[in-house]
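**Student:** sequence unavailable; structure follows:
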């Protein structure tokens, strides 16, 4: 049985959703934004031998994806503790 | 020692290792068999997921596809990694909290209907079987090179090995074996890449090498590559998109949500102890995957450059066929590389013009397998690549076959047809189901519908249009009804299959495509492999629409949804 009352459970879920939306916006911008929709614009810029749009599509988006998941896991672990629903005790 | 002996030794040692692990960790109970007892550490699970995930298509085909598609190949890189973000946030933690064995089991309970569960089983089998065909092809290709036999014989040998290996394993055996397979495949992939990056750019990190200058010059490697391919009339490497921007968008999205919806990936997250582990484990999985996925574009670019410069060392100076290198001869015997001297001058002319091009066949798949030979790396590296390709194909095949067999034995037999069978009978049934699946996949591998990555991409479209939307609505909505979910899944997968069949042939049988497979006939210019996202939209729309006019789900379903959204209690649910 969940130790949260209905209101707390709703609040926990809303905070989770807000975090998800924020991170999914970044997820969308680095891949679909920088890697596909804006690729021609970003290709005007070069870092080393990489055109920037090409770099986002073949390298950068993947690094950001990894960071996003670990950030989410860390933030959610903190949220679990705040609401007393973590499984560590 | 000659290459063949060395390859036998390296591949033989890797097989001995997997089989040893499979014996040591074989399944004793259905819980062991389906979810490895539920006690796998998140980092271990991440590594196993990476091996499970990275198939023959990732290891063998992907760099080859990118090598010939250039920037357009990015759809695979982003699509096959971005899905883990969705998985980590939107699916894995809640499904882990639910704490059952299979994906159809969740769909059946959430949509309070055995019919929904049965539809989910059918969708799962269609996706997984489509996917397994690509793995069988990968096994065939790797074996045919390694044993120097033709493709069919290679496939039979592969089937026998997979058969022995998957039936013995179960999830527990598979998990620990996959950890070993990850180590083999990642070494096999990165070592040649490091060597080649050093040779061409002097930078040991392929990820940086691709953006560096060529050794002894001020020319950037990518600029050189752009110039070489354009001289022969091909599209510029770094900017050549895959058809249209819309198609790239749809393709990437289909692969991403397909990744999140593929049952053999999702069930890996049932093996960790806690909800929090499911989140971090997805992150670890992506770290281990990213090692290969950020190396692949470097392998692609460098292999393409090496190939072009071998055939045409300087503009207008062609390689004589009689002087072709040993790797060229090796790959000609497999039929994956073919030369036809159209102007009978004894020289190899490779151009984008089909009339005069004399390299009549360069299979995408050989770019990774032949790469170390083209770069003249030592024989042990070549032997290691053979072992790596086999590890990738075997680990994914095992994961897929587990998803298929658990759907049949746990969902169909135990869940629906014969609920009273004992655990021991269920375990035997799942092994028999697995054996049948291998034979079916082997048959389809012998009559392959298209190249490995093409078939694999289709599996993603099917998962994207059927299972992914059902799971999303199961977690994020309390109002979607059983009628809605069933209609949605049927409509989603139906639309996607219909679109693929009308362009590629019914069941891929040549000549049965009633609309030609040409871009003019494609809906909004979206190619069949990228159509999963449209199927997913149809699925969501139909499910939400039907749910509005049918009865609300019962109160128990609302409680179930609230239950899975909060982590506490996951440990108790584990022992159901």
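**Tutor:** Great, that's in hand. Bear in mind the structure is a predicted one, so any value in this text is a computation, not a measurement.
**Student:** contact residues of the stretch 251-400 of chain B facing chain A?
**Tutor:** B:252-253, B:274-276, B:279-280, B:282-283, B:286-287, B:290, B:293-294, B:297 (C-beta under 8 Å from any C-beta of the partner chain). Any C-beta I mention is one placed from the backbone N, CA and C, and that applies to glycine too.
**Student:** would you check which pair of those lies furthest apart?
**Tutor:** Spanning the widest gap among these are B:274 and B:297, at 35.3 Å by C-beta to C-beta.
**Student:** the more surrounded of those two?
**Tutor:** residue B:297 (28 against 22; other C-beta atoms under 10 Å in any protein chain shown).
**Student:** check the offset of the helix or strand containing that one from the chain's centre.
**Tutor:** Applying DSSP states H and E as the criterion places residue B:297 in helix B:275-311. Chain-centre distance of helix B:275-311: 13 Å, with C-alpha atoms, centre = their mean, to the nearest Å.
**Student:** avg pLDDT for it?
**Tutor:** Confidence over helix B:275-311 (mean pLDDT, whole number) is 93.
**Student:** now do the helix or strand just after it: which elements does it pack against?
**Tutor:** Per DSSP H and E, the first helix or strand lying C-terminal to helix B:275-311 is strand B:319-320. Here strand B:319-320 touches strand B:347-348, going by 3 or more C-beta pairs under 8 Å, 6 or more residues apart in numbering or on different chains; DSSP states H and E.
**Student:** direction included, what does the very next helix or strand once past the strand it packs on pair up with?
**Tutor:** For strand B:347-348, the following helix or strand on the C-terminal side (DSSP H and E) is strand B:361-362. Here strand B:361-362 is paired, per DSSP bridges, with strand B:337-338 (antiparallel).
**Student:** avg pLDDT for the strand it pairs with?
**Tutor:** 86.
**Student:** ok, and what's touching that strand?
**Tutor:** Contacts to strand B:337-338, defined as C-beta atoms under 8 Å, 6 or more residues apart in numbering or on different chains, come from residues B:328, B:331, B:332, B:359, B:360, B:361, B:362, B:363, B:366, B:370.
**Student:** same question for stretch B:54-63.
**Tutor:** B:73, B:76-77, B:80, B:131, B:134-135, B:137-139, B:141-142, B:182, B:185, B:189, B:289, B:292-293, B:296-297, B:299-300, B:303, B:364-365, B:367-369, B:371, B:388-389, B:392-393, B:395-396, B:451-453, B:456.
**Student:** straight-line length of that stretch, end to end?
**Tutor:** One end of stretch B:54-63 sits 13 Å from the other (C-alpha to C-alpha, to the nearest Å).
**Student:** so which bits of that stretch are buried?
**Tutor:** B:54, B:55, B:56, B:57, B:58, B:59, B:60, B:61, B:62, B:63 (16 or more other C-beta atoms under 10 Å in any protein chain shown).
**Student:** now do the first one, the pLDDT please.
**Tutor:** For residue B:54, the model assigns a pLDDT of 91.
**Student:** any idea how far it is from chain A?
**Tutor:** To chain A, residue B:54 is 13 Å away according to C-beta to the nearest C-beta, to the nearest Å.
**Student:** next, the angle from the longest helix seen in chain B to helix B:275-311.
**Tutor:** In chain B, taking DSSP state H as the definition, the longest helix is helix B:151-201. Here helix B:151-201 runs at an angle of 80 degrees relative to helix B:275-311 (axes from the mean of the first three to the mean of the last three C-alpha atoms, to 10 degrees).
**Student:** which strand residues bridge the residue in chain B positioned nearest to chain A?
**Tutor:** Closest contact between chain B and chain A, by C-beta to the nearest C-beta, is at residue B:220 (3.1 Å). For residue B:220, the beta-bridge assignment (DSSP bridges) gives partners residue B:213.
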